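Peer 1: Compute the structure for the input listed below.
(one chain, ligands or ions: 1)
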Amino acid sequence: MLTIEKYSFGVGDRFAHQAKAQLAGCLQAINEGVEVVPVWNKSHREHTTIGSDPESVRRAADEAVAALGWRKSHYVDADHINMGNVEGFLPHSDFFTIDVADGIGATPEGSAVTDFVAAHPELVGSLSIPGIEQPFESTEGYVMDVATKYIQAVKDAGQIYRHILDRKSGAPFVPEVSMDETDLPQTPPELLIILAALADEGIPLQTIAPKFTGRFNKGVDYVGDVSQFEKEFNDDLAVIAFAIEKYGLPANLKLSVHSGSDKFSIYAPIHRALKRTGAGLHLKTAGTTWLEEIIGLAEADGEGLVLAKDIYAEAIANVEALCAPYAAVIDIDRERLPAATEVREWSSAQLVAAIRHVPECPEFNAHMRQLLHVGYKIAAQMGDRYLDLLERCEETIAKNVTLNLYDRHIVPLFLGR
Ligand SMILES: [Zn+2]
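Peer 2: This is a model prediction of the structure:
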C-alpha cells in the first residue's frame, strides 16, 4: 500500500520540459513549512494529441527529482484511464485516476441495485453527519434512484481497480476514482451513497474526484456561486470523514479537484475548509503549465515571441476544431478574440499581459487564454521548432512556471495568503 500525503498537487506537463520548474514550486512550499507533494498527471487524450508515451512522464519526473534533490514522495498519475487504455501506463504509473464517468446512468447488471439497497438500511431515514447542520432525509426510493444512476460506474471502477492490482503484481499504487467529466454535479448525499458502494467493491480509495457545482472552465477562474460551492465542499468533507469511519475506507481518503488550476475565487473557501477540518486535498492542473510556456516564450521576445504569435494565429484559424472536444469546459466569445494580424503588431509586454492570468489586469483576455489552453495540439504539430525554443527560452519559461504554481496556486490554497 502506498499512502499519499495529505496535500498533493497534480502537475501537468504536456511537453515534458517543465518538471524541474514545477518541482521548484513544491520546494518553495517546503521552505515555507508546508509539504505539497507533486503528482505528474497526463491522460491518454493528452498523450494521443502530443504523440508522447507514459514512459516519458516517469522519466521527466524522476530526472527532476534527482536534479533538485527532492527527498519527499512524488507520483506519476495515469490520468482518466479506463480498461481500454490503461495498459501502456501500468509499468510507469503509481497513481491511477480511474475514470468511470461513462458508466454513470448506464443500466446496472442483474440485481446490483436491489442488493445494494438491501445491504445498506443505514442509508435510509434521517442521516446525521457530524459537521453538517441539517440531517439528510433519505428514503428507500431515493437510495434506489441514486444507486441506479451510479452503481454501474462503481462496478466499472472495481473491475479496473482489480485489473490494475493484478497487473501491478504487488507493486503499490494510489487509486483515485473520478466522476467529474459528466453533466451534473454529485450532491453530498449522492457522494455518501457512491462511497458506500465503492467501499463494497473493496477499492482502497485514497482520492475521489466528484463533479462540483459551478463551471470549471479550462485555464480561467471558477464561474458560479462561490458560497454554494463552499457549502458543498464543506459538506463533501464531512461526508468523506463519515464514510471513512462507517465503511472502513482508507483514513487518508481526500477530495480531488479536477480542472483545479486557476480557480482563484474558490481557493480561500477551500483553504478555510482544510484549516477547519484538517482534511487533505489533491488539486489537479494540466494546461496551466503549457500556458506559462507560451507566456515565457512571449516574454523572451525575439523568436520566442514570434513563435507565440504563430501559435495564436494557427489557433484562431482552427478555432472550431480546437474548441469542439472541449465545448463543455470553455466559454469563448469569438468577438473578443483579436485578429492574428492585430496580435502580430503587439509587443512582448502586450501579449504577456493578455494571457497571463491576472484577472484584475485590464489587458487580460480570458477568451484568448482559453483558446490557447486548448491549442496545445498546434505546438505539438510544430515538433522540434517548438521544443528547441522551449530549451532556448528555458530561463524565462521556468521562472513563469514556478511563479504560477507557487504564488498563484500553492500560496492561496495551502498557505492561505
Ligand atoms: Zn478530470
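Peer 1: residue ranges of the strands in the protein, please?
Peer 2: Using DSSP state E, the strands of the chain run over 7-12, 37-43, 75-81, 95-99, 125-127, 136-138, 174-178, 207-209, 254-257, 281-284.
Peer 1: Using TSV, lay out these together with distance to the ion.
Peer 2: All C-beta atoms are positioned from the backbone trio N, CA, C, and that covers glycine. Below are these laid out as TSV (distance: least, C-beta to the ion, whole Å):
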stretch	distance to the ion
strand 7-12	9
strand 37-43	8
strand 75-81	6
strand 95-99	7
strand 125-127	28
strand 136-138	26
strand 174-178	5
strand 207-209	6
strand 254-257	8
strand 281-284	6
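Peer 1: Name the residues of the top helix by length along the chain that are buried.
Peer 2: Criterion DSSP state H: the longest helix present in the chain is helix 140-167. Using 16 or more other C-beta atoms under 10 Å as the test for burial, helix 140-167 gives 142-143, 146-161, 164-165.
Peer 1: and the angle for that helix with strand 174-178?
Peer 2: Helix 140-167 runs at 140 degrees relative to strand 174-178, counting by axes from the mean of the first three to the mean of the last three C-alpha atoms, to 10 degrees.
Peer 1: Helix 140-167 relative to strand 95-99, how many degrees between them?
Peer 2: Interaxial angle of helix 140-167 relative to strand 95-99 (the same axes, to 10 degrees): 140 degrees.
Peer 1: Show me what helix 140-167 is packed against.
Peer 2: strand 95-99, helix 112-119, strand 174-178, helix 188-200 (3 or more C-beta pairs under 8 Å, 6 or more residues apart in numbering; DSSP states H and E).
Peer 1: Could you check the pLDDT of the nearest residue to residue 313 once chain neighbours are set aside?
Peer 2: Nearest residue to residue 313 in three dimensions, chain neighbours excluded: residue 340, at 3.8 Å (C-beta to C-beta, 6 or more residues apart in numbering). We have a pLDDT of 98 for residue 340.
Peer 1: Let me have the strands of the chain in a markdown table, extended by mean neighbour count and mean pLDDT.
Peer 2: Below are the strands of the chain laid out as a markdown table (neighbours: other C-beta atoms under 10 Å; pLDDT from 0 to 100):
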| stretch | mean neighbour count | mean pLDDT |
| --- | --- | --- |
| strand 7-12 | 26 | 97 |
| strand 37-43 | 25 | 97 |
| strand 75-81 | 26 | 97 |
| strand 95-99 | 26 | 98 |
| strand 125-127 | 13 | 96 |
| strand 136-138 | 16 | 95 |
| strand 174-178 | 26 | 98 |
| strand 207-209 | 26 | 98 |
| strand 254-257 | 23 | 98 |
| strand 281-284 | 26 | 97 |
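Peer 1: These: which one's closest to residue 22?
Peer 2: Each of the strands of the chain has some distance to residue 22 by C-beta to C-beta; the shortest is strand 7-12, at 4.5 Å.
Peer 1: could I have that closest one exported to CSV, CA atoms only?
Peer 2: Provided in CSV are the C-alpha atoms of strand 7-12 (Å, rounded to 0.1, in the frame of the first residue of the first chain):
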residue,chain,number,x,y,z
TYR,A,7,-1.6,17.7,0.4
SER,A,8,-0.7,16.8,-3.2
PHE,A,9,-0.7,18.8,-6.4
GLY,A,10,-1.3,17.3,-9.8
VAL,A,11,1.1,18.9,-12.2
GLY,A,12,0.5,18.5,-15.9
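Peer 1: ok, the closest residue to the ion within the stretch 51-200 of the chain - contacts?
Peer 2: Distances between the stretch 51-200 of the chain and the ion by C-beta to the ion are smallest at residue 180, namely 4.5 Å. Residue 180 makes contact with 101, 209, 210, 211, 212, 216, 258, 259, according to C-beta atoms under 8 Å, 6 or more residues apart in numbering.
Peer 1: can you pull the contacts of the third one?
Peer 2: This means residue 210. Per C-beta under 8 Å, 6+ apart, neighbours of residue 210: 179, 180, 185, 186, 191, 194, 236, 255.
Peer 1: again, only this time at 7 Å
Peer 2: 179, 180, 186, 191, 236 (C-beta atoms under 7 Å, 6 or more residues apart in numbering).
Peer 1: Show me which residues of this structure sit near the ion.
Peer 2: Within reach of the ion by C-beta under 5 Å from the ion, the chain has these residues: 180, 258.
Peer 1: how does it look with 8 Å?
Peer 2: Neighbours of the ion within the chain, by C-beta under 8 Å from the ion: 79, 80, 97, 99, 178, 180, 181, 209, 258, 259, 284.
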